[in-house]
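here's my sequence, what's the structure:
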Amino acid sequence: MDHQSEELQLGPTLDAPTAEERIQARRDRIAKRVAAANMDPSKAVKEPEEKTALDAYPHKSSAKVEASQQYLEGLRETGTEKVSLVRATADLAECKRRDAEDTARRERLAKLQQERAQSLTSVSTIASQWSRVQSVSQAAELKELLDKQQAACEQVVAVKDSLISELQLQLKTKDDEYVRDLRTQATDIDTLLEFMNEQTVTMTEQYKLQLEELEHAFMDERKEFIAAARKEWNDRMQQRRELEEQLANQAVSRTQEHNEALDLMQANAAEEYAILKIKLEVEIQQLEQQLQQMRATYQLNSEKLEYNFQVLKKRDEENAVTLTQQKRRIARLQDVLSQLKKKLSKQESSLSEENQSLSEDFRRVNAQFNDLQKKFRHFQSLDQKRYEDMWEMNKETVVELATDVLEADRAIHEQQLGLKWVPPAADIFDDKFDYGGSQTKSATGAVEDLMSTQQHALVRGGSITAATVKKALNLLCDEAGFLVDGKLSALLEPLEKKAQSMMKLDSIFKALGVENEEDVFRLASYFVQPGAADTPELIHANDVNVALRRFVEDCRKLKGLDTEEPLMSSKELQIGYWDRMANILPEDHDRVWSSLTDAMEKYVTVLEQRATMISEAEELKQQNGELRMLLQQYMSSKMVNDLEVPPLPVSTVQKQRQFTA
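Purely as a prediction, here's the structure:
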């Protein structure tokens with residue numbers, strides 16, 4: 001099969017059984033030689049050629065094939081030129097038609113533009129005359145103007161109609177040219193088909209003629225090759241007969257030499273045989289002596305074996321008795337085993353029922369616990385919101401009061417005392433702490449919510465998916481089993497996998513100090529390989545302990561457990577905030593306020609006295625005014641004129657008093 005496949009791959013050879021394959025092999029060899037001659041001499045690969053008498057004979061068929069190819073190629077080129085001439089003539093006519101069409105299009109566009117300009121001018125002239133028509137009041141003049149407008153419009157329409165007629169005439173001419181071009185094209189196609197049919201017939205006849213001539217040439221060449229091959233065959237057969245005679249003579253001479261050598265070897269072998277026979281007889285005697293010794297040893301061993309057989313037979317009887325006893329014991333133990341199995345099956349059934357009931361109780365209690373946790377978180381969030389609202393309300397009130405106190409303190413120092421007022425620190429009103437307790441979920445609640453989240457949902461700001469966090473928690477359950485108590489692991493075996501995972505995670509979270517949702521997601525981030533934002537991948541299982549160690553160290557640093565001064569708790573920060581609000585003024589300012597209060601109280605007392613005296617003075621002024629009015633009325637009455645000594649006016653009395661003073 002391999003040889004046949006090699007022949008199929010290599011193609012026909014000169015030793016092929018059929019003449020067609022040998023001819024094809026010669027043609028392939030000629031084609032290779034021609035290709036090698038056409039190639040670059042530096043790149044040509046020289047193949048070893050088999051020197052035969054046929055290679056020396058000139059190949060007339062190759063020359064005939066080349067002449068036929070050249071002749072047929074010339075006929076093909078002649079036919080192609082005729083067809084190309086028809087196409088070139090059609091292309092030239094089309095080019096001329098396109099040039100004439102471009103010229104006519106440009107003239108038509110120029111005429112249209114000219115007519116458009118004239119029309120615009122005429123239309124503008126007509127439009128300008130309408131205002132004049134509207135201003136004319138005489139009927140005769142109005143009719144004359146309207147006739148002129150109508151004549152101008154008819155002239156514009158006539159120009160448009162003439163242009164339309166001209167374009168319709170060109171369109172009709174184009175239709176005639178199109179019909180003429182179709183006829184010309186049909187004529188060219190007929191001519192082209194005629195040339196192609198003529199070339200096809202001519203090429204077919206020439207191909208047949210050339211094939212017949214090539215067949216005659218190949219047949220003549222075949223006859224010459226056969227004659228040369230027969231001559232070569234006879235020469236080779238003569239050489240073979242001579243070579244066979246020479247080999248036969250050499251075989252006879254070698255046979256004689258081998259017979260002589262064989263006689264010599266037989267003589268040497270007879271001497272060696274005699275020596276070997278003596279040696280073997282001596283060895284046979286020695287072996288007979290050893291055989292007698294072995295027979296004696298055998299007799300002794302047979303007696304020993306007979307004794308051992310009797311001993312073993314006695315032991316076999318004893319073993320039979322022991323075996324009977326053991327069988328009885330086995331039967332008794334099997335009865336005990338069957339009783340124990342029945343007892344075990346009963347206990348298993350009762351324990352399985354108990355386990356099932358306990359499992360149902362556990363599920364029920366677990367469901368109640370989960371509901372209770374949800375309610376707790378709900379009410380916790382409500383209380384938290386209430387607390388925050390109360391905090392914000394009290395904070396606004398306290399901040400407003402503290403601001404008023406600080407403003408009053410500034411006014412007292414700058415306006416009352418004339419001292420420079422130093423404001424308190426800028427962060428005195430800051431309350432950047434968890435003033436309402438933990439606002440985040442617990443670690444267990446966060447895991448429960450996470451289990452119900454969609455696989456591809458983003459959590460914690462879109463930095464990590466829920467599926468990645470779940471994988472990280474599963475890896476933590478599998479690799480951090482040393483953080484779970486052994487007794488707890490034994491108790492978790494009958495539970496479902498989900499319940500086991502939740503209990504293990506709760507125990508691991510307590511061991512690691514994971515308290516809320518933020519700690520859960522921070523722990524999960526330690527299990528994600530760095531630099532994998534698009535497609536996050538988890539770390540290897542062997543690196544889990546290293547990640548847990550880094551998480552614990554970072555948590556200790558974050559909570560301040562490694563520093564000398566631990567961080568203050570939220571409650572301490574709240575107490576400090578309210579103390580800071582209550583003692584917003586320094587002690588020296590408080591003393592200033594006390595002294596200023598005493599002084600202001602005394603000042604208020606003086607002001608009250610002054611107010612009392614001012615009110616009394618106002619009352620006296622009012623009484624004086626009333627007395628003046630009464631006196632004025634009295635002085636202006638008629639009774640005063642009847643007196644012998646009338647009283648002087650008040651103004652005169654006052655002037656006298658001032659003069660006297």
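
okay, CA-based contacts and neighbour counts for the rest of this
Noted.

what's around residue 173, how many residues?
Using other Cα atoms under 10 Å, residue 173 has 12 neighbouring residues.

pLDDT on the helix or strand harbouring residue 361, on average?
Using DSSP states H and E, residue 361 sits within helix 139-411. In this model, helix 139-411 has a mean pLDDT of 85.

just checking, what packs against it?
helix 60-135, helix 570-582 (3 or more Cα pairs under 8 Å, 6 or more residues apart in numbering; DSSP states H and E).

nearest to residue 320, of those helices?
For residue 320, the closest of the helices and strands packed on helix 139-411 is helix 570-582, at 87.4 Å, according to Cα to Cα.

return that closest one as CSV; C-alpha atoms alone will do.
C-alpha atoms of helix 570-582 as CSV (Å, rounded to 0.1, in the frame of the first residue of the first chain):
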residue,chain,number,x,y,z
SER,A,570,-19.4,56.6,69.5
LYS,A,571,-21.0,57.2,72.9
GLU,A,572,-17.9,59.0,74.2
LEU,A,573,-17.9,61.2,71.1
GLN,A,574,-21.6,62.0,71.7
ILE,A,575,-20.9,63.0,75.3
GLY,A,576,-18.0,65.0,74.3
TYR,A,577,-20.0,66.8,71.6
TRP,A,578,-22.8,67.8,74.1
ASP,A,579,-20.2,68.8,76.7
ARG,A,580,-18.6,71.0,74.1
MET,A,581,-21.9,72.6,73.2
ALA,A,582,-22.7,73.2,76.9
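
other SSEs contacting that helix?
Using 3+ Cα pairs under 8 Å, 6+ apart, helix 570-582 is in contact with helix 139-411.

where does the stretch 501-650 of the chain have low pLDDT?
531-535, 559-570, 638-650 (pLDDT under 70).

so where do the helices sit in it?
517-525, 544-559, 570-582, 587-636, 638-642, 650-660 (DSSP state H, counting those that start in this stretch).

pick the most buried one from those.
helix 517-525 (a mean of 19; mean count of other Cα atoms under 10 Å).

got the angle for that helix vs helix 544-559?
Helix 517-525 runs at 140 degrees relative to helix 544-559, counting by axes from the mean of the first three to the mean of the last three Cα atoms, to 10 degrees.

I'd like to know which elements helix 517-525 is packed against.
Helix 517-525 sits against helix 443-451, helix 466-479, with contacts defined as 3+ Cα pairs under 8 Å, 6+ apart.

mean neighbour count, those helices: which tops it?
Buried most deeply of those, by mean count of other Cα under 10 Å, is helix 466-479, with a mean of 19.

quick one: average confidence on that one?
79.

same check, this time on stretch 77-89
76.

buried set for that stretch?
Applying a neighbour-count criterion of 16 or more other Cα atoms under 10 Å, one finds 79, 82-83, 86 buried in stretch 77-89.

got it, and stretch 361-374?
Of the residues in stretch 361-374, those buried (16+ other Cα under 10 Å) are residue 373.

would you mind listing the outside residues contacting it?
By Cα atoms under 8 Å, 6 or more residues apart in numbering, no residue outside stretch 361-374 reaches it.

and that stretch, how far out from the chain's middle?
Here the centre of stretch 361-374 is set off from its chain's centre by 41 Å, with Cα atoms, centre = their mean, to the nearest Å.

just the CA trace of it, in CSV.
Output of stretch 361-374 as CSV, limited to C-alpha atoms (Å, rounded to 0.1, in the frame of the first residue of the first chain):
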residue,chain,number,x,y,z
ASP,A,361,-38.5,22.5,64.8
PHE,A,362,-35.1,23.9,63.9
ARG,A,363,-36.5,25.1,60.5
ARG,A,364,-39.5,26.6,62.2
VAL,A,365,-37.4,28.3,64.9
ASN,A,366,-34.9,29.4,62.3
ALA,A,367,-37.7,30.9,60.2
GLN,A,368,-39.1,32.6,63.3
PHE,A,369,-35.6,33.8,64.2
ASN,A,370,-35.1,35.2,60.7
ASP,A,371,-38.5,36.9,60.8
LEU,A,372,-37.6,38.3,64.3
GLN,A,373,-34.3,39.6,62.9
LYS,A,374,-36.1,41.3,60.0
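
make CSV from the helices and strands packed on helix 517-525 and add distance to residue 175 to it.
Listed next are the helices and strands packed on helix 517-525 as CSV, based on distance: least, Cα to Cα, whole Å:
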stretch, distance to residue 175
helix 443-451, 81
helix 466-479, 76
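
and these: which comes nearest residue 282?
helix 466-479 (81.8 Å).

so which elements touch that closest one?
helix 443-451, helix 497-512, helix 517-525.

for the helix or strand just after that helix, buried residues please.
Next in sequence after helix 466-479, counting helices and strands by DSSP H and E, comes helix 486-492. Neighbour counts over helix 486-492 (16+ other Cα under 10 Å) mark residue 492 as buried.

contacts made by helix 486-492 with the rest, please.
500, 503.

kindly recompute the last result at 7 Å.
Residues from elsewhere that reach helix 486-492, judged by Cα atoms under 7 Å, 6 or more residues apart in numbering: residue 500.

roughly how far out does that helix sit from the chain middle?
With Cα atoms, centre = their mean, you get 42 Å for helix 486-492.

send me that helix as PDB with only the CA atoms.
Provided in PDB are the C-alpha atoms of helix 486-492 (Å, rounded to 0.1, in the frame of the first residue of the first chain):
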ATOM      1  CA  GLY A 486     -15.300  20.800  66.300                       C
ATOM      2  CA  LYS A 487     -18.400  20.300  68.300                       C
ATOM      3  CA  LEU A 488     -20.300  22.800  66.200                       C
ATOM      4  CA  SER A 489     -19.100  21.000  63.000                       C
ATOM      5  CA  ALA A 490     -20.400  17.700  64.300                       C
ATOM      6  CA  LEU A 491     -23.800  19.300  65.200                       C
ATOM      7  CA  LEU A 492     -24.000  20.800  61.700                       C
END
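
I'd like the mean pLDDT over it, please.
So the average pLDDT for helix 486-492 ends up being 71.

next: stretch 26-39.
Mean predicted lDDT for stretch 26-39 stands at 73.

so which bits of that stretch are buried?
26, 36.

with distance to residue 345 as extra columns, can I get the helices and strands packed on helix 466-479 in JSON lines?
Formatted as JSON lines, those follow (distance: least, Cα to Cα, whole Å):
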{"stretch": "helix 443-451", "distance to residue 345": "38"}
{"stretch": "helix 497-512", "distance to residue 345": "27"}
{"stretch": "helix 517-525", "distance to residue 345": "45"}
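
and those: which comes nearest residue 153?
Comparing these by their distance to residue 153 (Cα to Cα), the top pick is helix 443-451, with 87.7 Å.
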